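1. Task: produce atomic coordinates for the following.
(2 chains)
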2 protein chains.
Amino acid sequence: MDRIRKLQNMMKDRGIDYVIIGPTSNMFYLTNFSEEQMERPLFFVVSEGHSYFLAPKLYEEQLSKYNFEIISYADGEDPYSKMDLNTNSIIAIDDQLWSVFTINLIRKFNPSNLIPASTLLKELRMRKDKEEINIMEEGLKIAENSFLQFLNNIKEGSSECKLADRLEEIFKENGADGVSFKTILTSGPNTSMPHLRCTDRKVRRGDVIIVDFGIKYRGYCTDTTRVVSLGNPSDEVKKIHEIVLNAQESAEKAKNGMKGKEIDSIARGIIAKAGYSQFFIHRTGHGIGIDVHEDPYISQDSEQIIEQNMTFTIEPGIYLPGKFGIRIEDMVVMGEKEARPLNKLEKEIYVI
Amino acid sequence: MDRIRKLQNMMKDRGIDYVIIGPTSNMFYLTNFSEEQMERPLFFVVSEGHSYFLAPKLYEEQLSKYNFEIISYADGEDPYSKMDLNTNSIIAIDDQLWSVFTINLIRKFNPSNLIPASTLLKELRMRKDKEEINIMEEGLKIAENSFLQFLNNIKEGSSECKLADRLEEIFKENGADGVSFKTILTSGPNTSMPHLRCTDRKVRRGDVIIVDFGIKYRGYCTDTTRVVSLGNPSDEVKKIHEIVLNAQESAEKAKNGMKGKEIDSIARGIIAKAGYSQFFIHRTGHGIGIDVHEDPYISQDSEQIIEQNMTFTIEPGIYLPGKFGIRIEDMVVMGEKEARPLNKLEKEIYVI
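-> Next comes the predicted model:
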């Protein structure tokens, strides 16, 4: 309730009439209720003096324990006509709400302006409280122990996807509620594609293996990347790993009050100095919390000032197309003076 | 490519200038590429003579094998300025695209009209080809065999969520690529909440257990609901089950050319006649394919004519708050004359 009051205060300050939240991380943040998006509108609507769920009738009983007003509609009824929005208003729309709902809201209420709700909500969500940080640290313990346990499963001839599945099973066995994203486990030349998930490729002796993994635990996400080598890594792999590690550890020491782009430039500068700037093809990191990617972003264009209790990743990488890629990723929290890693897992190449 | 040409023809007929697709089921349908949504725009853009991916640079190598033009942007660049859209155009937006992208597109290109892309794409996607139906039948085999195998795992004292996890593990072991939605496994009085997923409640002798389960297989979804009883069901459970079964099997014999609402009214009529109309709190079914819920909908307000090769669910239910709920669900495909179930699994109460 405190979070909703804070949101209402921000709305008042900025002249925003309504905030429309879908069944996303924002709904969980504001109401503690969590659901996937579907074709039936399920909104949490906030205005100055009012907040309520607009929900399909079949959610009525389930929502009743959340202690918010519920306005429900039956299948076949028009949900939008049950909403009390004035036309020509300023509406903040949940960034992840499906566009079909926004199009319908535009048609029905003809707003004078639409803005992404993240402009309000990110300011609340970026700064984590103690409990949120604790939950993420607990989640990381499960994720890291699972990774270590998983290493014994990596055998020549196993396919990337089979290995990724096995790691996800171990997460579950160790108490994870699920994954925060589909595990990335790539090998050999596939590692130069940073967002490829996995393929049928069988891992071979001499392969670099990149494991980028995260779990969901009590509503919060983890995100970590480590490098594995099946057999001794080549000199080139060792050299690139050292550059990336240096970039990662330097950026991880970011100071309170730096801008996102300043932290990015620490990592980017080290990689550029080593002569690989064109092979670092993504930003240095992203905020993490209920969403695996959220504000603040640690990117070349981020003017966001990184303050105490913001949690984010530091994950530089170098990708040599057709050869291999190396990325190392920790989660960090900004402290009073400087950031500290939430991960404990060591960052050397795991040689198997 | 054929699908894109069909889409372009429809766009021409209806005067739609651009279709903007996000990394959703529509992208998979049109390009075969599949990815989750994230904060970086990843679009497939279609206009009369042109179609291309607008993608973050880190997807370039991965997308190159899909044989479409790729316009990429680096982190820190403005993606929208790389798009060749004219202002004041009519843009069809992927229904599931995150609203933040639509808000940005509105700001950048000031369209004269926005429409949900489903108005075009549903007409293509509703009518399945032979291969799509085969894939769903193969998926159902895996899902149904997994369910039967799972029944041995239901023991007094197991929690709903533990049981749901176990079923999802069996899906994986049997070759599923994942689940099409988080498994619904509820017991006792929880079964009266049709969209509750699971809780820590431990199943007890005398419980009704509802299992609503589906897998993803080669890009397509399955969706099935069956009723389990731990010990002999009460007379009331047996009576309600019989009414729901009668409604389900009657609606399952829908004729080619009926409207969605006519099929809905077959099931609804039977339940109403038995005196339970106020306890059937949702529609009779939904289309299914790449998305677990898609057109055509089998609901009281659906004017959609159900034609040959459309696939959808028939899933009436009766929910008695505080007591129990019963739902039975099959997937069906409309044939030349009438629908036929794609499921093979028997629909009696599974007594354990």
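2. Which residues are in contact with the residue in the stretch 251-352 of chain A that chain B sits nearest to?
-> Residue of the stretch 251-352 of chain A nearest chain B, by Cβ to the nearest Cβ: residue A:300 (3.8 Å). (C-beta placed from N, C-alpha, C; glycine too.) Residues near residue A:300 by Cβ atoms under 8 Å, 6 or more residues apart in numbering or on different chains: A:261, A:264, A:265, A:268, A:283, B:75, B:76.
3. Counting neighbours, which of those end up buried?
-> Buried members of these, counted by 16 or more other Cβ atoms under 10 Å in any protein chain shown: A:261, A:264, A:265, A:268, A:283, B:75.
4. Dump those residues into a markdown table; add distance to residue B:130 as well.
-> Shown next, in a markdown table, are those (distance: Cβ to Cβ, whole Å):
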| residue | distance to residue B:130 |
| --- | --- |
| A:261 | 53 |
| A:264 | 51 |
| A:265 | 55 |
| A:268 | 51 |
| A:283 | 45 |
| B:75 | 43 |
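5. Go through these and say which is closest to residue B:204.
-> residue A:283 (51.4 Å; Cβ to Cβ).
6. show me what contacts the residue nearest to the residue of the stretch 251-352 of chain A closest to chain B when sequence neighbours are not counted?
-> Among residues not flanking residue A:300 along the chain, residue B:76 sits closest, at 3.8 Å (Cβ to Cβ, 6 or more residues apart in numbering or on different chains). Residue B:76 makes contact with A:283, A:299, A:300, A:301 under the criterion Cβ under 8 Å, 6+ apart.
7. With residue A:204 instead?
-> Applying Cβ under 8 Å, 6+ apart, we find residue A:204 in contact with A:156, A:157, A:187, A:188, A:230.
8. re the thing from before, got CSV for the buried ones among the contacts of residue A:300, with distance to residue B:151 and secondary structure too?
-> Formatted as CSV, those follow (distance: Cβ to Cβ, whole Å; DSSP: H, G, I helix; E, B strand; the rest coil):
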residue, distance to residue B:151, secondary structure
A:261, 56, helix
A:264, 53, helix
A:265, 58, helix
A:268, 56, helix
A:283, 48, coil
B:75, 50, coil
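9. what's the most distant pair in the residues you listed?
-> Greatest spatial distance among those (Cβ to Cβ): A:265 and B:75, at 12.7 Å.
10. so residue A:214 touches residue A:180, yeah?
-> Yes. Between residue A:214 and residue A:180 there is a contact under Cβ atoms under 8 Å: 3.7 Å.
11. At which residues are the strands of the stretch 1-150 of chain A located?
-> A:18-21, A:43-47, A:50-56, A:69-73, A:90-93, A:113-116 (DSSP state E, counting those that start in this stretch).
12. Let me have those in CSV, extended by distance to residue B:167 and mean pLDDT.
-> As requested, the strands of the stretch 1-150 of chain A are arranged in CSV below (distance: least, Cβ to Cβ, whole Å; pLDDT from 0 to 100):
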stretch, distance to residue B:167, mean pLDDT
strand A:18-21, 31, 98
strand A:43-47, 30, 98
strand A:50-56, 25, 96
strand A:69-73, 30, 97
strand A:90-93, 36, 98
strand A:113-116, 38, 98
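13. closest one to residue B:55 among those strands?
-> strand A:113-116 (21.1 Å).
14. Off-centre distance for that closest one?
-> For strand A:113-116, the distance from its own C-alpha centre to the chain's C-alpha centre is 23 Å (Cα atoms, centre = their mean, to the nearest Å).
15. for the record, mean pLDDT for the lengthiest helix in chain A?
-> In chain A, assigned by DSSP state H, the helix with the most residues is helix A:130-150. Across helix A:130-150, pLDDT averages out at 98.
16. tell me which residues in it are buried?
-> So for helix A:130-150, counting by 16+ other Cβ under 10 Å, buried means A:132-133, A:135-137, A:139-147, A:150.
17. Kindly report the same for stretch A:257-264.
-> Result for stretch A:257-264 [16+ other Cβ under 10 Å]: buried residues A:258, A:259, A:260, A:261, A:262, A:263, A:264.
18. Contact partners for the fourth one?
-> Under the criterion of Cβ under 8 Å, 6+ apart, the contact list for residue A:261 reads A:299, A:300, A:301, A:302, A:303.
19. So which of those belong to strands?
-> Among the contacts of residue A:261, no member falls in strands (DSSP state E).
20. Most neighbours among those, which one is it?
-> Most neighbours among the contacts of residue A:261, by other Cβ atoms under 10 Å in any protein chain shown: residue A:302, with 23 neighbours.
21. Which residue, neighbours along the chain excluded, lies closest to that one?
-> Per Cβ to Cβ, 6+ apart, closest to residue A:302 is residue A:260, 2.8 Å.
22. likewise residue A:206?
-> Spatial nearest neighbour of residue A:206, excluding adjacent residues (Cβ to Cβ, 6+ apart): residue A:231 at 5.4 Å.
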